[in-house]
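>>> below are the sequence and a predicted model; questions follow.
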Amino acid sequence: MDSTTACLDFAAIGHQDSWKNITRFVNGLRKPGQERLSDDTVKNIFAFLPPTEVFKVNVRSVTGATINGVYVETFIDPDKLDARFGRHNLAKVLEALNHVEKMGSKVATLGGFTSIVLEGNLDLLQQRRTSLTTGNTLTAAFIVKGVEEAAELVGIDLQAANLLIIGATGDIGSACATYFAGRVEKLLLCARKQLPLQELVLSLSKKQVSVHGSTNIAEFSRRADVIISVASSAGIRLPKLKSGVLICDAGYPKNLEQSLDDSLDGHLFHGGMGQVSGGFSFSPDYSSSIYEYPAPFTIHGCILEAMILAFEQRWENYSSGKGKITTEKMEEIYSLSLKHGITIAPFFDSAGCWAPLKKLYA
Amino acid sequence: METVAISPLAGEKLNVIADVFSQAITGELIGMSNFASLAETIDDPHEKMEAVEHANSERMHAEGFMAYAKKHGINININLAGEYWGNVRRQFLHYAKIKDFIACLIIQEVMLESFAVSMYTDVGNALGDEAGELFLSIADEEKEHLEHSSDLLRAALQEDPVGFVARFEEIHFNCMSILAKFTAATDLSGHCGVCNGDCMKGSLHHIDLDIATMRGNALALYARALDNIGIPGEKSIVWIAQLPA
């Protein structure tokens, strides 16, 4: 398959969350005996490169079906993800979109930061031969189902729990808030911008749900039994938390552990991740340098959404725009994921799988 | 002779400009020689004439740079046998001697032209005025060479995808390694033999440039050229990662 080959089932467009990761990947590409490159040297080359397909992936469903995809790395500078570099980053995402379209991909997902482009620019969907999705619906579904499962595992009764959502007005955050409305004792919603937060609180209040909003995380953090963080965790501080708190870090990058003021007396897992029980293979195999997780065949939910759409041959713009994810759509994509043997990833944090699971994946 | 505006940095700035012109002229003369050698490898009379025409176009570019330098009293140093330019020329001649037209095309019209187009554009935008316009107009003409080769190379790829990629890979490491060493933060194989004094890379800031950006832009254009030809990205990314840095 070269750059112009058609009949590609899906493409995943993404970026790395640190130069350390990119350097590790690049050094993994160098020949044995070649000098290892520093982060600065790698940055001076790779920050300039255009989006490029890095590896092919073959995914296997438990139904016996297989699909072929490709991962396209945008080489968006992980240090330049904020709004000041929006124009430059948008140009890179558009170039990546054109690239996957040229390759003939039927559906493409915009992973991580790149999805912001599709959340705000629906014009991108016009006259494209490749269907586009942010993958946010399945990510949100994996987060909420993961929280339910993890809560049961650690003995938290969600119906009696206070749930704090950090980044509540975002596409995924608002989907989680809507899902849990009425399923928890109290919803505590945090977001940076007051106005959309007030609107969300108001709309949920109308459904007779106990819901409070604040732009100040500290106001809510010590009252929360469960925390879902779907905001970029840079700059987030989590002061004093309840003993036994359950945290789902589903932000990007997933480094909420660094934001804790005290050592955690509770449980944290990286949410929004799924596991492909039928397995997948990369060609070339970069699984140990670019996509390594404590449990095998683990992938971000946003990428899995494109895979599921490809298995189902649903060439549609499944997740697009902002605030359009419904609980029904979350249930639909989640049930399709189970059909293909794609489940919530085993719970893990930066130290590895949760203790009872460690033996399984040791 | 016209007078050059004097500023506190004029001395250092002029030295850098002199080195930039020296590199550009040397590069154009290497290109001229390569196209002339390329003509020898071609049997088709029309393609042969086109190669000679390209050689003449490179000569005109060199003359254009020389004329500007003369007009403004810029001290030029031409050295076709220096460490990097000489090695690039030797690589080209190796393939020309065995009449490997495709390899010659890859070296001259993809690798060297990618660097020329990108670096001339960066220099042109940084210098502005008459000098800037000269670099930008020559960059535009070099772009045509780059585009001209893509059709031929795409056809060669279609004919033998596996063989073509393997051949391209060999040429990449033979030639791009030289350009990568040449454009690294420090000259990885010593002085180029073209710059008038010390390596100009450390002084590029006097004309609002830096070597990391120039090199990054050049490699980016090269990567796009590879993609345009149809080289799979999973190959080109490895090739670029394995270059000397």
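In hand now; what should we look at? Worth saying up front: this structure is predicted, and the values here are computed from it rather than measured. Residues are numbered from 1 along each chain as shown, chains lettered A, B, ... in the order given.

>>> near chain A, which residues of chain B show up?
By the rule CB under 8 Å from any CB of the partner chain, the part of chain B lying against chain A is B:157, B:161, B:185, B:212-213, B:215-217, B:219-220, B:223-224, B:227, B:230-234, B:236-238, B:240-242, B:245. Heads up, the C-betas are built off the backbone N, CA and C, glycines and all.

>>> can I get the buried part of these as one PyMOL selection?
Typed into PyMOL, the line below selects the buried ones among the residues of chain B next to chain A, using 16 or more other CB atoms under 10 Å in any protein chain shown:
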select buried, chain B and resi 157+185+212+215+216+217+219+220+223+224+227+230+231+232+233+234+236+237+238+240+241+242+245
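
>>> which ones among the residues of chain B next to chain A map onto helices?
Judged by DSSP state H, helices contain the following of these: B:157, B:161, B:212-213, B:215-217, B:219-220, B:223-224, B:227, B:233-234, B:236-238, B:240-241.

>>> could you report the neighbour count for residue 222?
Picked chain A for this. 13 (other CB atoms under 10 Å in any protein chain shown).

>>> chain B, not that one
Other residues within reach of B:Tyr222, judged by other CB under 10 Å, total 25.

>>> now it. Nearest residue, chain neighbours left out?
Nearest residue to B:Tyr222, sequence neighbours excluded (CB to CB, 6 or more residues apart in numbering or on different chains): B:Ser114, at 4.1 Å.

>>> so that neighbour touches B:Leu221, yeah?
Yes: here B:Ser114 reaches B:Leu221: they are 4.6 Å apart, a contact under CB atoms under 8 Å.

>>> how about the helices in chain B?
Using DSSP H, the helices of chain B run over B:10-41, B:45-71, B:83-97, B:101-105, B:113-127, B:129-159, B:161-171, B:177-183, B:211-229, B:233-241.

>>> save the ones you listed as a markdown table, and put in distance to A:Val144 and mean pLDDT too.
Formatted as a markdown table, those follow (distance: least, CB to CB, whole Å; pLDDT from 0 to 100):
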| stretch | distance to A:Val144 | mean pLDDT |
| --- | --- | --- |
| helix B:10-41 | 59 | 92 |
| helix B:45-71 | 63 | 94 |
| helix B:83-97 | 59 | 94 |
| helix B:101-105 | 56 | 93 |
| helix B:113-127 | 48 | 96 |
| helix B:129-159 | 48 | 92 |
| helix B:161-171 | 46 | 97 |
| helix B:177-183 | 49 | 95 |
| helix B:211-229 | 40 | 96 |
| helix B:233-241 | 36 | 96 |
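
>>> quick one: which of these is nearest A:Ala295?
Smallest distance to A:Ala295 across these (CB to CB): 25.5 Å, for helix B:233-241.

>>> shaky segments in the stretch 51-200 of chain A?
Judged by pLDDT under 70, the stretch 51-200 of chain A has its weakly predicted residues at A:120-122, A:124-125.

>>> all strands of it, in order?
Here the stretch 51-200 of chain A has its strands, by DSSP state E, counting those that start in this stretch, at A:52-60, A:66-73, A:105-110, A:131-133, A:162-166, A:186-190.

>>> among the ones you listed, which comes closest to chain B?
With CB to the nearest CB, the closest approach to chain B among these belongs to strand A:52-60: 3.8 Å.

>>> and whichever strand or helix holds A:Asp9 with strand A:105-110, angle?
Assignment of secondary structure by DSSP states H and E places A:Asp9 within strand A:8-14. For strand A:8-14 against strand A:105-110, the angle between stretch directions is 20 degrees (axes from the mean of the first three to the mean of the last three CA atoms, to 10 degrees).

>>> what about strand A:8-14, near chain B?
No: legend: contact between strand A:8-14 and chain B by CB under 8 Å from any CB is lacking; minimum distance shown is 11.5 Å.

>>> need the pLDDT of B:Ala81.
B:Ala81 carries a pLDDT value of 92.

>>> now do stretch B:73-85: distance to the chain's middle.
14 Å (CA atoms, centre = their mean, to the nearest Å).

>>> just the residues contacting that stretch, thanks.
Counting by CB atoms under 8 Å, 6 or more residues apart in numbering or on different chains, the neighbours of stretch B:73-85 from elsewhere in the structure are B:1, B:4, B:14, B:17-18, B:21-22, B:25-27, B:29-30, B:33, B:66, B:68-69, B:86, B:89, B:178-179, B:181-182, B:187, B:189-196.

>>> only the buried subset of those, as a PyMOL command please.
Buried residues within those, as defined by 16+ other CB under 10 Å, are selected in PyMOL through the command that follows:
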select buried, chain B and resi 14+17+18+21+22+25+26+27+29+30+33+66+68+69+86+89+178+179+181+182+187+192+193+194+195
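
>>> identify the residues contacting the residue nearest to B:Tyr222.
Shown here is B:Ser114, whose contacts under the criterion CB under 8 Å, 6+ apart are B:Leu146, B:Ala218, B:Leu221, B:Tyr222, B:Ala225.

>>> and for A:Ser131?
A:Lys106, A:Val107, A:Ala108, A:Leu309, A:Trp315, A:Glu316, A:Asn317, A:Tyr318.

>>> out of those residues, who has the most neighbours?
Counting neighbours by other CB under 10 Å, the one among the contacts of A:Ser131 with the most is A:Ala108, which has 30 neighbours.

>>> if we can go back for a sec, in a markdown table: the helices of chain B, plus distance to A:Ser288.
A markdown table is the format used below for those (distance: least, CB to CB, whole Å):
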| stretch | distance to A:Ser288 |
| --- | --- |
| helix B:10-41 | 41 |
| helix B:45-71 | 46 |
| helix B:83-97 | 35 |
| helix B:101-105 | 35 |
| helix B:113-127 | 32 |
| helix B:129-159 | 31 |
| helix B:161-171 | 24 |
| helix B:177-183 | 26 |
| helix B:211-229 | 24 |
| helix B:233-241 | 16 |
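
>>> show me what from the stretch 1-150 of chain A comes close to chain B.
A:1-4, A:26, A:29-31, A:34-35, A:37, A:41, A:44-45, A:47-50, A:52-56, A:72-73, A:99.
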